[in-house]
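Peer 1: Test case, fold it:
(chains A, B and C)
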Amino acid sequence: MENLLSSPKPIITLLTDFGSQDYFAAAMKGVILSINPAAQIVDITHEIARQDIHAAAFNLLATYKDFPANTIHVAVVDPGVGSIRQAVLIECAEQFFVGPDNGIFSWVCQREGNYHAIHLTNEKFFRHPVSATFHGRDIFAPVAAALSNGVAPEELGPSIENLIHLDSLRPKILSDGVIEASIIHIDRFGNCITNLTREILDDDLSHTTLVANGREITSFRKYFAEPAAEEQEVFCVIGSAGFLEIVAANCSAAAILNVRRGQTFSLISNQV
Amino acid sequence: MENLLSSPKPIITLLTDFGSQDYFAAAMKGVILSINPAAQIVDITHEIARQDIHAAAFNLLATYKDFPANTIHVAVVDPGVGSIRQAVLIECAEQFFVGPDNGIFSWVCQREGNYHAIHLTNEKFFRHPVSATFHGRDIFAPVAAALSNGVAPEELGPSIENLIHLDSLRPKILSDGVIEASIIHIDRFGNCITNLTREILDDDLSHTTLVANGREITSFRKYFAEPAAEEQEVFCVIGSAGFLEIVAANCSAAAILNVRRGQTFSLISNQV
Amino acid sequence: MENLLSSPKPIITLLTDFGSQDYFAAAMKGVILSINPAAQIVDITHEIARQDIHAAAFNLLATYKDFPANTIHVAVVDPGVGSIRQAVLIECAEQFFVGPDNGIFSWVCQREGNYHAIHLTNEKFFRHPVSATFHGRDIFAPVAAALSNGVAPEELGPSIENLIHLDSLRPKILSDGVIEASIIHIDRFGNCITNLTREILDDDLSHTTLVANGREITSFRKYFAEPAAEEQEVFCVIGSAGFLEIVAANCSAAAILNVRRGQTFSLISNQV
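Peer 2: Here you go, the predicted structure:
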């Protein structure tokens, strides 16, 4: 693992389910700035639905590549706080990820393939006393700040393998040109983000059919704004996170299809 | 157009309708900081109602003057993303405005009178690939960051005239001391912000009547907190954005008067 | 009062009830950065319920200690804006607090004991014209920025005594081992934060009973996550703000007990 070059203005992002009404995110910022006054803190969001690790994992996956090398991402959606779940630092894609080992970083790791994890055990870098309920402030924020000050990852704890993983980002390629894919996120407009990327899709989708919950979708469009043939037509576009999305003009595709996150569907290539 | 002096810590503000739940605003910040790590990003708001260009224009109008010279304002409420609407940079009031040409900056331009616009065509300064749905991340954020790095506006594209304009900020002065004014914004408390400013109003309003939807208002007060004579009394104050507001103590003036944004009303001076 | 050493990157926090939809918080930031471009602004929250001074006081109390010395906290929950309430600067705990004198800082002052207050009267440091409705932008933000630039507190106005105080943070110790305590905050999950701290509590609480609204609670736990004996069991934990909290697993303790903020209850030690 490379050491973090001590940057003049290191970036630390925060991604939590703490909401914006309370002092929780601010406490993390105060702790960070007390340890490294030069840190530049960027909120990704604090509005992840409570304890929704998948939504946190998706939002991080959708944006980490927009940040420069050496950015430190602190993600705290942590239903197991105070229990035996591990606190981890992961180095991946020339960036750092700090938070609970509950799968929140696993989609980044899966996509990148190559990563290195540390079990955060060195209490010297924690805020004391460590509360039972707020490791965001007491463990993850101070560890991120220490890292941004140039502390070597090796000082923070031992290397570990076998992290917790969420379900796979990789679609299964079956026989006969059929791909079994899944819905990894449903956004607040009911758009269904799938685990299909441009790389895996044919350039020409005019002979492709997507089958979800028994319903066939054959419309693959370039823009949301292209006119829909009929009211409530469901179609597919490549969304801004780089994944194929199943959407419906001005209404919820998830509701129309009656699908949920994690659900699988088929993509069938009918080239003759 | 003056070049932006390369400031040690240039300010870039963000004003969008992206909400706070998703990674969208953070993606813009990541892109900006990747291009100019010294940029200082200030959120104006990400909670503009979806596709409400007028509300975005009003909020920008109400606060741009509080920022120092050379501030770069990025405003993305962009129903036409992916269509033929132009991406623009406007220099006005010694500040810069970057976003879609849909009227979002037109009230600032109208008030200031003097401005210069550039059509953003130089793809060298875009993030690639440019998505069809997220120009905030792929065009506006990287262009703003380039500008903050000292890139000259002329490098970003050709000058243009004939921007899109929202309805006028300027009340019409009719004969007989009558002014035809309009409601440019209704805030979440139902206060109706008008396009009347202190400069256009008489110092002495004791003989003035405001007529909206057939209802006469003759009470012009200095403070919200001055006691209202009766429950649900509607009265006028100069609000903090510098405009005359039609308000009602602890309730919605918009509901009482049954008015909407864009609606006109009369101000009649009865001096004898 | 010590002068603020002119820090290279002074921290100014903001805590308001302005919400996130409008330009209000951004206007304060613009004013601050116009006066001190090096200021580092941290939002504590802008989502305090409207005019809820107690909730603002609690959130500030829960997090100010996480910030470094010389941090300037600007808190604006200000139902009396435009009236005769005083604008104040308080130095306390090696930090600065700027806002209305309505009790918003009184819990910090009560806990710390030692503080010094200034009445902000020097209009030279205000933004002009001073509006009747937005002192956050016109008085508190520019004064905080001046302070962060190294202006001495003495230049801002005369010292004053006799600030407005909220109800006491200190529980009353009665005869017979009974403590009369109170609920100082109810969070959005219905957890009741009390004014009891670890210091005042016995190490061994196995013979202690908390009596609130006639209901007896004898369960004092270390973690939220410890299994509750029965559905809707109400129990106590030391929360992350350092106070004893009355909570219920996955439901609202406040609803179960039918208690409100400010309500008192008893803690009875039954040691034989």
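
Peer 1: CA atoms for contacts and neighbours, from now on please.
Peer 2: Noted.

Peer 1: Which single residue of the stretch 51-200 of chain A ends up nearest chain B?
Peer 2: Among the residues of the stretch 51-200 of chain A, residue A:67 lies closest to chain B, at 4.3 Å counting by CA to the nearest CA.

Peer 1: Tell me how many other residues surround that residue.
Peer 2: Applying other CA atoms under 10 Å in any protein chain shown, we find 23 residues neighbouring residue A:67.

Peer 1: Could you do residue A:222 as well?
Peer 2: Residue A:222 has 15 neighbours, counted by other CA under 10 Å.

Peer 1: mind checking which helix or strand the residue lying closest to it once chain neighbours are set aside is in?
Peer 2: Closest residue in space to residue A:222, ignoring its immediate chain neighbours: residue A:237 at 5.8 Å, by CA to CA, 6 or more residues apart in numbering or on different chains. According to DSSP states H and E, residue A:237 maps onto strand A:234-238.

Peer 1: Buried ones in the helix or strand hosting residue A:12, by neighbour count?
Peer 2: According to DSSP H and E, residue A:12 maps onto strand A:11-16. Using 16 or more other CA atoms under 10 Å in any protein chain shown as the test for burial, strand A:11-16 gives A:11, A:12, A:13, A:14, A:15, A:16.

Peer 1: can you check stretch A:81-89 too?
Peer 2: For stretch A:81-89, by 16+ other CA under 10 Å, it's A:81, A:82, A:86, A:87, A:88, A:89.

Peer 1: Count the neighbours of the closest residue to residue A:164 other than its chain neighbours for me.
Peer 2: Nearest non-adjacent residue to residue A:164, counting by CA to CA, 6+ apart: residue A:103, 5.0 Å away. Close neighbours of residue A:103, defined as other CA under 10 Å, add up to 19.

Peer 1: my guess is residue A:103 meets residue A:165, correct?
Peer 2: Yes: between residue A:103 and residue A:165 there is a contact at 4.7 Å, judged by CA atoms under 8 Å.

Peer 1: any idea of the mean pLDDT for stretch A:75-86?
Peer 2: Regarding stretch A:75-86, the rounded mean pLDDT is 89.

Peer 1: ah, wrong one, I meant stretch A:163-178
Peer 2: For stretch A:163-178, the mean confidence score works out to 90.

Peer 1: quick check: domain ranges of chain A?
Peer 2: A:4-160, A:172-269 (automatic domain parsing).

Peer 1: Quick one: closest of the ones you listed to residue B:51.
Peer 2: Nearest of the domains of chain A to residue B:51, taken as CA to CA: domain A:172-269 at 12.6 Å.

Peer 1: With adjacent residues omitted, what lies nearest to the residue positioned nearest the centre of chain A?
Peer 2: Closest to where the C-alpha atoms of chain A average out (CA atoms, centre = their mean) is residue A:57, at 2.5 Å. What sits nearest to residue A:57 in space, not counting adjacent residues and going by CA to CA, 6+ apart, is residue A:104, at 4.7 Å.

Peer 1: so residue A:255 sits in a strand?
Peer 2: No: judged by DSSP: H, G, I helix; E, B strand; the rest coil, residue A:255 forms no part of a strand; its state is helix.

Peer 1: Would you tell me whether stretch A:198-207 gets close to chain B?
Peer 2: No: using CA under 8 Å from any CA of the partner chain, stretch A:198-207 never reaches chain B; the gap is at least 12.1 Å.

Peer 1: model confidence over that stretch, on average?
Peer 2: Mean predicted confidence for stretch A:198-207 is 84.

Peer 1: how long is it end to end?
Peer 2: 16 Å (CA to CA, to the nearest Å).

Peer 1: likewise stretch A:200-218?
Peer 2: OK, stretch A:200-218 end separation, CA to CA: 17 Å.

Peer 1: Now chain A against chain C: closest residue?
Peer 2: residue A:30 (4.3 Å).

Peer 1: What is the three-state secondary structure of that residue?
Peer 2: helix.

Peer 1: From residue A:149, how far off is the residue nearest to it when sequence neighbours are not counted?
Peer 2: Nearest residue to residue A:30, sequence neighbours excluded (CA to CA, 6+ apart): residue C:67, at 4.3 Å. Using CA to CA, residue C:67 is found at 17 Å from residue A:149.

Peer 1: how about the helices of the stretch 51-200 of chain A, start to end?
Peer 2: A:53-63, A:106-112, A:135, A:141-148 (DSSP state H, counting those that start in this stretch).

Peer 1: Pick the most buried one from those.
Peer 2: helix A:141-148 (a mean of 27; mean count of other CA atoms under 10 Å in any protein chain shown).

Peer 1: ok, is it in contact with chain B or not?
Peer 2: No: counting by CA under 8 Å from any CA, chain B has no neighbours in helix A:141-148; the shortest distance is 14.8 Å.

Peer 1: can you list contacts of that helix?
Peer 2: Residues outside helix A:141-148 that contact it (CA atoms under 8 Å, 6 or more residues apart in numbering or on different chains) are A:4, A:6-7, A:10-12, A:28-29, A:31-33, A:35-36, A:39, A:72, A:74, A:98, A:125-127, A:153, A:156.

Peer 1: quick one, that helix and strand A:11-16 angle?
Peer 2: Taking axes from the mean of the first three to the mean of the last three CA atoms, to 10 degrees, one finds helix A:141-148 and strand A:11-16 inclined to each other by 160 degrees.

Peer 1: Could the C-alpha coordinates of helix A:141-148 be exported in CSV?
Peer 2: What follows is helix A:141-148, C-alpha atoms only, in CSV (Å, rounded to 0.1, in the frame of the first residue of the first chain):
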residue,chain,number,x,y,z
ALA,A,141,-13.4,10.8,11.4
PRO,A,142,-10.2,10.9,13.5
VAL,A,143,-8.7,8.1,11.6
ALA,A,144,-9.4,9.8,8.3
ALA,A,145,-7.9,13.0,9.7
ALA,A,146,-4.8,11.2,10.8
LEU,A,147,-4.4,9.6,7.4
SER,A,148,-4.8,13.1,5.8
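
Peer 1: Let me see the mean pLDDT of that helix.
Peer 2: 98.

Peer 1: and it, how far from the chain's centre?
Peer 2: With CA atoms, centre = their mean, to the nearest Å as the basis, helix A:141-148 stands 21 Å off its chain's centre.
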